[in-house]
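Enquirer: for reference, the sequence and a predicted model appear below.
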Amino acid sequence: MLCSVCSIVYITVVYIVILFFLIMRRTKIIATVGPASQDYEILKELATIGVDIFRLNLSHNSQDSVKNIVDKINQINEEIASDCAVSIDTKGSQIRTAQLDSPIHLNAGSSLILTSDNVPYEGVKKLYINYPKLSSAVNSNDKILLDNGMIILTVIEVQGNDVMCKVENDGIIDSERHVNITNKRLEDFEVITENDVEDIKNAIDLGVQFITISFTSSSEDILKVRKIISNELSHVKIIAKIERIEAIENIVDIVKESDGIMIARGDLGCELDIEKLPVLQSKIVTLCRSEGKPVIIATQILDSMRNNIMPTRAEVTDIANAVSQQVDAVMLSNETAIGKYPVETLKMLIKVIEEVEEHIILGNDLKEINSPIEDFANIAARIASDAPSVVALVIVSKNIETILAVSAARTSVPALVFTDNQYLGKITNMMWGIKTLPADLSRDNETVCNYIEEEMDKNYPHWRNKRYIILIDRADINEKSIPILQIRTLSQQT
């Protein structure tokens, strides 16, 4: 009996802590699941501390392992009354080096032959690259980066299917390492493979909220995935991963067609000159915010914490820059997937985000208004930010466009969304500043509003006698559905 009582108390306390904690932090956090974090207790600790979305990369997971982890996340959501969403990255066509019997030690100034002929390195001393058009894609003096830039090669000449290169730095190449050809557009590069189609269908069956398209090149890639999703009668959202030159060239159409953007700085920083990356990141963030689309900053957020308990000062400043740009989310990759300190890394990220958010000036004059409901939501957000003594903006809605518009406005007060759409609640985990709570919207407006006041009074007693803005985007009045905007005062419930 005592254990049952303790369990109930624990769940209640954790729920209130999560609710209060997340509403104060506007920037959302995505954590990649891997060997360092796939244990149930570690996942639960990450969810309790503040992960909004768990990410699984199909480059490193089988369908069985994905199902196992998704099942754990669903169980954790029930156990601690959290609402963590799940995002799946497609594998796509990856250009990689061959499987090797042993690592290759390379010395600066030495030669290395890359080839598209599938031959073992040990026999011919040529390193197989799984891109058939390798030799036609490069010219003399082009740069080829191996293992995310750990080894830099300069092309000397091309002979048939062989590419003769000069090694620019000492290093070691192991099996199946990433290959990037800098500043090149690659022909016949398949973004959505047959395996990806099956993986997407499997992810839909598992009930995930987001599909991230790796190596997105154009809006056509998004349309292909959207057709698959539509045929499966699903509403899963599509995130375009920006990591190729072609994606930069087509970025405007990609942003318009997708449901969100991930700026994957790892591959992107190898595909183009790395000094261009900061300005490019800023431009993409600005574009996404002008379109009202969620934007994620990914790769090496706290990379040093894979092996160290403290981050570098540069990493902390990088996070601060992303938060100051008011991105919707930042993503931990290797830090939580294979790092030594996944929990400590998450805690550090939250501390930095919260500190920066206290000092940034909020608001968004970038978003274009494209519909009456967006206009209404934008007005509500501005009133909530500007009106004296207003402590929160409450949105009663089943409409994702309304919630996106409120998020895009970057209101300076917490934004609480009450909805009876559980799936929508998880989708908002990608949106800046939004916290979603359950409510039965089938009842009349006043009953719903009374319920909301009870929940606010219970969870946020420090808001009593303070004013809040409430937006009901589909209120039924005299048999007509119209939006309502009110200023109310939260009174203590009896």
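Expert: Looks like it came in fine.
Enquirer: does Glu354 lie in a helix or a strand, and which?
Expert: According to DSSP states H and E, Glu354 maps onto helix 342-357.
Enquirer: now the element after that helix, going C-ward?
Expert: Next element after helix 342-357 (DSSP H and E): helix 372-386.
Enquirer: so how far is the helix or strand following that next one off the chain centroid?
Expert: Once helix 372-386 ends, the next helix or strand along the chain (criterion: DSSP H and E) is strand 390-396. Per C-alpha atoms, centre = their mean, to the nearest Å, the displacement of strand 390-396 from the mean C-alpha position of its chain is 25 Å.
Enquirer: mind listing the strands strand 390-396 pairs with, and their directions?
Expert: With DSSP bridges as the test, strand 390-396 is paired with strand 415-419 (parallel), strand 467-477 (parallel).
Enquirer: any idea of the angle that strand forms with helix 372-386?
Expert: 160 degrees (axes from the mean of the first three to the mean of the last three C-alpha atoms, to 10 degrees).
Enquirer: could you report the distance from the most centrally placed residue in the chain to Ile263?
Expert: Central residue of the chain (C-alpha atoms, centre = their mean): Ile296, 4.9 Å from the mean position. In this structure, Ile296 and Ile263 are 7 Å apart, going by C-beta to C-beta, to the nearest Å. For the C-beta atoms, the positions are set from N, CA and C on the backbone; glycine is no exception.
Enquirer: also Asn429?
Expert: 18 Å.
Enquirer: go on, Asp473?
Expert: 31 Å.
Enquirer: one more: Ala329?
Expert: 11 Å.
Enquirer: quick one on the thing from earlier: per-residue confidence for the residue nearest to the centre of the chain?
Expert: Residue-level confidence at Ile296 comes out at 98, pLDDT.
Enquirer: secondary structure element holding it?
Expert: If you go by DSSP H and E, Ile296 is part of strand 295-298.
Enquirer: show me this structure divided up by domain.
Expert: Per automatic domain parsing, the structural domains of the chain span 26-74+83-93+191-357, 104-181, 372-489.
Enquirer: those domains: lowest mean pLDDT?
Expert: domain 372-489 (a mean of 88).
Enquirer: returning to what we had before: continuing past the strand holding Ile296, what's the next helix or strand?
Expert: helix 313-324.
Enquirer: may I have the helix or strand following that next one as PDB, with CA atoms only?
Expert: Counting by DSSP H and E, the next helix or strand C-terminal to helix 313-324 is strand 329-332. The C-alpha trace of strand 329-332 is given here as PDB (Å, rounded to 0.1, in the frame of the first residue of the first chain):
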ATOM      1  CA  ALA A 329      14.700  23.600 -31.100                       C
ATOM      2  CA  VAL A 330      18.300  22.500 -30.600                       C
ATOM      3  CA  MET A 331      19.300  18.900 -31.000                       C
ATOM      4  CA  LEU A 332      21.800  16.700 -29.200                       C
END
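Enquirer: list the helices and strands strand 329-332 packs on?
Expert: Helices and strands touching strand 329-332, by 3 or more C-beta pairs under 8 Å, 6 or more residues apart in numbering; DSSP states H and E, are strand 28-32, strand 295-298, helix 313-324, helix 342-357.
Enquirer: quick one: closest of those to Ile238.
Expert: strand 295-298 (12.9 Å; C-beta to C-beta).
Enquirer: tell me which other helices or strands the closest one touches.
Expert: strand 260-264, helix 265-271, helix 277-291, strand 329-332.
Enquirer: if you compare the ones you listed, which one is most tucked away?
Expert: Among these, strand 260-264 has the highest mean neighbour count (mean count of other C-beta atoms under 10 Å), at a mean of 26.
Enquirer: tell me what that strand is packed against?
Expert: strand 237-242, helix 277-291, strand 295-298.
Enquirer: do you know the pLDDT at Asp9?
Expert: One thing to correct before we go on: residue 9 is Val, not Asp. Confidence score, pLDDT, at Val9: 41.
Enquirer: and Leu490, by the same measure?
Expert: 89.
Enquirer: I'd like the distance between it and Asp457.
Expert: 6 Å.
Enquirer: and for Arg467?
Expert: Distance of Arg467 to Asp457, computed by C-beta to C-beta: 14 Å.
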